[in-house]
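J.: Got a predicted model here, sequence first, then my questions.
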Amino acid sequence: MSGSVSSGIWQSVRPACTKKDARTIGTGRASDEELGFPERKSSLGRPARIGARAERQLYGSAKRLPSTTVIARNLSPRTSGRRGAERMSATQYRGPDAASPLSANRFDSSVSLFGHFGHRRTIMGRSEFDYLPPRPAWNAGRKVGAKRPLKPRQIWAIRFHLDREHRLRDRALFDLAIDSKLRGCDLVKIKIGDLVAGGELRTRAMVIQQKTNRPVQFEIMSDARGSLLAWLERRGGSIEDFAFPSRVDHSAHMSTRQYARLVDEWVTAVGLRSEDYGTHSLRRTKASIIYKATGNLRAVQILLGHTKIENTVRYLGVDVEDALTLAEGIEV
């Protein structure tokens with residue numbers, strides 16, 4: 001690192017430092033007080049400054065950087081801090097003239113620039129013997145697994161709550177989520193043209209699933225058609241617009257995160273635990289009701305758009321007890 005480059009970098013680190021001060025760094029002619037470094041205390045309460053003069057006495061005037069040494073501070077935002085120092089190896093730091101012995105000014109200025117208040121730290125890299133504070137898992141304290149489907153009385157409780165609060169959009173979104181049995185990413189992307197044909201609401205609609213890129217059909221019942229009609233009349237727009245636009249950008253669709261927030265709000269309003277229910281609860285609700293009423297796994301597989309029936313079995317949580325219950329209900 002040349003003197004001019006060192007001077008430029010030092011000015012970017014401490015704007016109050018002059019070029020003369022930057023040239024004197026590492027030569028022993030500038031003390032920590034002259035450069036404005038605060039006095040640091042050791043564990044015994046005594047001053048613990050290690051400046052460029054002490055480093056020169058310790059390492060000599062023409063020493064090369066050790067091959068395993070990593071400078072603990074870098075000016076690049078990508079490699080700043082402790083983690084950045086661990087990413088930055090010695091070969092990344094040394095320039096094209098790294099094989100030649102470093103002069104006194106070049107060696108000490110690099111240590112002073114990248115060290116911590118003149119203190120040179122070496123990081124050899126973490127090993128399995130280093131102490132690392134325990135990091136909690138992302139799902140620590142959370143309920144994991146499949147979300148519960150809603151029961152019919154819970155569905156009507158949510159509908160009553162939304163009607164009482166005069167929330168047309170939420171009521172239409174909730175009814176469409178129950179009838180369509182779509183994933184959240186597919187539900188929020190539904191356009192008005194997917195629901196309307198010839199000025200009337202469709203009784204059946206079809207969308208392309210984002211996950212499987214395969215079409216899936218669904219029915220729109222009378223309750224859903226009534227709430228959708230009230231919302232679309234209030235919403236307006238053309239057939240190319242999204243049925244549920246974003247609050248931020250009206251030309252874009254509602255985000256899946258906002259949809260999840262709404263579901264949490266709905267289930268909480270009727271006294272349910274938000275940890276037990278989510279957007280997938282609305283997808284599973286009608287499918288589970290159909291399976292309990294008919295026991296037809298193949299029909300549920302088609303309605304959910306699953307490619308394999310094993311996924312439908314795992315999705316509905318079908319076990320031996322369910323199979324025996326269905327068998328006991330049939331008299332031969």
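T.: Looks like it came in fine. Residues are numbered from 1 along each chain as shown.
J.: any weak-confidence spans in the chain?
T.: Low-confidence segments of the chain (pLDDT under 70): 1-126, 128.
J.: Select the longest helix from it.
T.: helix 279-294 (DSSP state H).
J.: And that helix, what does it pack against?
T.: Counting contacts by 3 or more C-beta pairs under 8 Å, 6 or more residues apart in numbering; DSSP states H and E, helix 279-294 is packed against helix 168-180, helix 184-187, helix 256-269, helix 297-304, helix 309-316. Glycine gets a C-beta too; all of them are placed from N, C-alpha and C.
J.: what's near enough to touch Trp156?
T.: Going by C-beta atoms under 8 Å, 6 or more residues apart in numbering, Trp156 touches no other residue.
J.: Is it correct that it falls within a helix?
T.: Yes. Checked against DSSP: H, G, I helix; E, B strand; the rest coil, Trp156 lies within a helix.
J.: Could you report the distance from it to Leu326?
T.: 27 Å (C-beta to C-beta, to the nearest Å).
J.: helix, strand or coil for Pro136?
T.: Assignment for Pro136 (three-state DSSP): coil.
J.: Kindly report the same for the one 10 residues further on.
T.: Recorded secondary structure, Ala146: coil (three-state DSSP).
J.: so what's it up against?
T.: For Ala146, the contact set (C-beta under 8 Å, 6+ apart) comprises 280, 284, 315, 317.
J.: what does Tyr315 give?
T.: Counting by C-beta under 8 Å, 6+ apart, Tyr315 makes contact with 146, 284, 287, 304, 306.
J.: returning to that earlier point: between the contacts of Ala146, which has the most around it?
T.: Neighbour tally across the contacts of Ala146 (other C-beta atoms under 10 Å): the maximum, 21 neighbours, falls on Arg284.
J.: I'd guessed that residue sits against Lys151; true?
T.: No. Counting by C-beta atoms under 8 Å, Lys151 is not a contact partner of Arg284; they are 11.6 Å apart.
J.: ok so, going back, any idea of the angle the longest helix of the chain forms with helix 297-304?
T.: On the basis of axes from the mean of the first three to the mean of the last three C-alpha atoms, to 10 degrees, helix 279-294 is oriented at 150 degrees to helix 297-304.
J.: can you redo the contacts of Tyr315 as a markdown table with distance to Val196?
T.: Converted to a markdown table, these look like this (distance: C-beta to C-beta, whole Å):
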| residue | distance to Val196 |
| --- | --- |
| Ala146 | 34 |
| Arg284 | 27 |
| Ala287 | 25 |
| Leu304 | 24 |
| His306 | 28 |
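J.: gap between Ser222 and Val207?
T.: With C-beta to C-beta as the criterion, Ser222 and Val207 are 21 Å apart.
J.: Pick out whichever of those two has more residues nearby.
T.: Val207 (18 against 10).
J.: okay, the angle between the helix or strand encompassing that one and helix 168-180?
T.: Element membership of Val207, judged by DSSP states H and E, is strand 204-208. With the same axes, to 10 degrees applied, the angle from strand 204-208 to helix 168-180 works out at 90 degrees.
J.: Check the gap between the closest residue to Ile208 other than its chain neighbours and Glu233 for me.
T.: For Ile208, ignoring the flanking residues on the chain, the nearest one in space by C-beta to C-beta, 6 or more residues apart in numbering is Pro215 at 5.5 Å. Distance check for Pro215 against Glu233: by C-beta to C-beta, it reads 28 Å.
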